[in-house]
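*Asks:* Fold the following.
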Amino acid sequence: MIKTEKERLTKVNSILVSQPEPQGEKSPYRMLKEKYKLKVDFRPFIQIEPVTSKEFRQQKVDVLNHTAVIFTSRNAVDHFFRLCKETRMEVPPEMKYFCVSEQTSYYLQKYITIRKRKIFTGSRTAADLIEILKKHKDEKYIFPCSNIRKNDIPDFLEKNNFKFTEVTIYRTVASDLSNLADVNYDIIAFFSPSGISSLFANFPDFEQNNTRIAAFGPTTSNAVREAGLILDIEAPLPNAPSMTGALELYVRKANGIDK
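*Replies:* Prediction:
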């Protein structure tokens, strides 16, 4: 019998975050842990595998035949410039860069002199970046990405007859979690559909029972439901834009702090 939301709202003592542990003393997870005396563990459920230069060449994509690059993550930035270096391809200074966020565009300075390049930046989401792309329809775009990626940007480009080429430059695969003793935590926090896939790849007989599932973003939330799991914590929330904020609200309620 499936428990009601009220019946599932039991005390939280432990949280498993399916990402690498953030560095720094001011990590919001550290503050959450210390404030509510919780056990908070970190374990990446997915990992990145680079596409080799041989595999890159087999895709027969000529980077120099494009006028602009679309970057949706720092991983994409790293592997794009890695492959350019490995294939001895020098990206021309007139190349334009369209980045999903300021964080991604700022990261470009690791490889190029930002002040000398044309960089266009979205606020945070793909939808923000699409609004910028609409103003630059004459570019010929290259979209370097993972083998697993969201559909929003390529679907928009194709639907609106943009000239673009998609190229896979790294792969997102399930991490080996075999040395994880168990997944018996009060809450497991997920950040991508790939994390859900990894859970069942490593633990095919996983039963949720009273483990609460937290998911960040609509695609991750949908993946939770499609996997037949109960979604207890959905982030972001209007009053909690981060995963840690949503977790804190739930912990306060479950542990009887907010009565």
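*Asks:* how about the spatially closest residue to Asn65 that is not a sequence neighbour, phi and psi?
*Replies:* With sequence-adjacent residues excluded and distances taken as C-beta to C-beta, 6 or more residues apart in numbering, Asn65 is closest to Lys140, at 7.1 Å. Every residue, glycine included, has its C-beta placed from N, CA and C. Main-chain dihedrals, Lys140, degrees, to the nearest 10: phi -110, psi 110.
*Asks:* quick one: Lys140 and Lys118, what's the gap?
*Replies:* Using C-beta to C-beta, to the nearest Å, one gets 14 Å for the distance from Lys140 to Lys118.
*Asks:* Where does pLDDT dip in the stretch 101-250 of the chain?
*Replies:* Counting by pLDDT under 70, the stretch 101-250 of the chain shows low-confidence ranges at 181-182.
*Asks:* In it, mark out all the helices, start to finish.
*Replies:* Using DSSP state H, counting those that start in this stretch, the helices of the stretch 101-250 of the chain run over 102-107, 126-133, 152-159, 193-202, 218-226, 243-254.
*Asks:* List the buried residues for the first one?
*Replies:* Looking back up the chat, that one is helix 102-107. Residues 104-105, 107 are the ones in helix 102-107 that count as buried (16 or more other C-beta atoms under 10 Å).
*Asks:* got it, and the second one?
*Replies:* Residues of helix 126-133 classed as buried: 126, 129-130, 133 (neighbour count, 16+ other C-beta under 10 Å).
*Asks:* which one of those sits closest to Arg149?
*Replies:* Ala126 (10.1 Å; C-beta to C-beta).
*Asks:* what ranges do the strands span in the protein?
*Replies:* For the chain, the strands defined by DSSP state E cover 14-17, 39-42, 46-50, 68-71, 96-99, 118-121, 140-146, 163-174, 187-190, 212-216, 231-235.
*Asks:* Determine which stretch of these is the most buried.
*Replies:* strand 187-190 (a mean of 26; mean count of other C-beta atoms under 10 Å).
*Asks:* Which among the helices of the stretch 101-250 of the chain is found nearest to Tyr170?
*Replies:* Of all the helices of the stretch 101-250 of the chain, helix 193-202 sits nearest to Tyr170, with 12.6 Å by C-beta to C-beta.
*Asks:* And the closest one, what's buried?
*Replies:* 193-199, 201-202.
*Asks:* In the residues you listed, find the pair that's most separated.
*Replies:* Greatest spacing in these, by C-beta to C-beta: Pro193 and Asn202 (15.3 Å).
*Asks:* returning to that earlier point: dump the residue contacts of the residue nearest to Asn65.
*Replies:* Listed by C-beta atoms under 8 Å, 6 or more residues apart in numbering, the contact partners of Lys140 are 65-68, 163-164.
*Asks:* Throw these into CSV and include distance to Val40, thanks.
*Replies:* Converted to CSV, these look like this (distance: C-beta to C-beta, whole Å):
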residue, distance to Val40
Asn65, 48
His66, 43
Thr67, 46
Ala68, 41
Lys163, 47
Phe164, 41
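*Asks:* wait, isn't Ile148 in contact with Thr168?
*Replies:* No - at 9.6 Å, Ile148 and Thr168 do not qualify as touching, with contact defined as C-beta atoms under 8 Å.
*Asks:* picking that back up, quickly list what the residue nearest to Asn65 is bridged to.
*Replies:* For Lys140, the beta-bridge partners under DSSP bridges are Lys163.
*Asks:* Tell me which of the strands of the chain sits nearest to Phe80.
*Replies:* Proximity to Phe80 (C-beta to C-beta) singles out strand 140-146 among the strands of the chain, at 4.5 Å.
*Asks:* then the closest one to CSV, C-alphas only?
*Replies:* The C-alpha coordinates for strand 140-146 follow below in CSV (Å, rounded to 0.1, in the frame of the first residue of the first chain):
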residue,chain,number,x,y,z
LYS,A,140,26.3,28.7,-38.8
TYR,A,141,26.3,27.0,-35.4
ILE,A,142,28.2,24.0,-34.0
PHE,A,143,26.5,22.5,-31.0
PRO,A,144,29.1,20.3,-29.0
CYS,A,145,27.3,18.2,-26.4
SER,A,146,27.1,14.8,-24.6
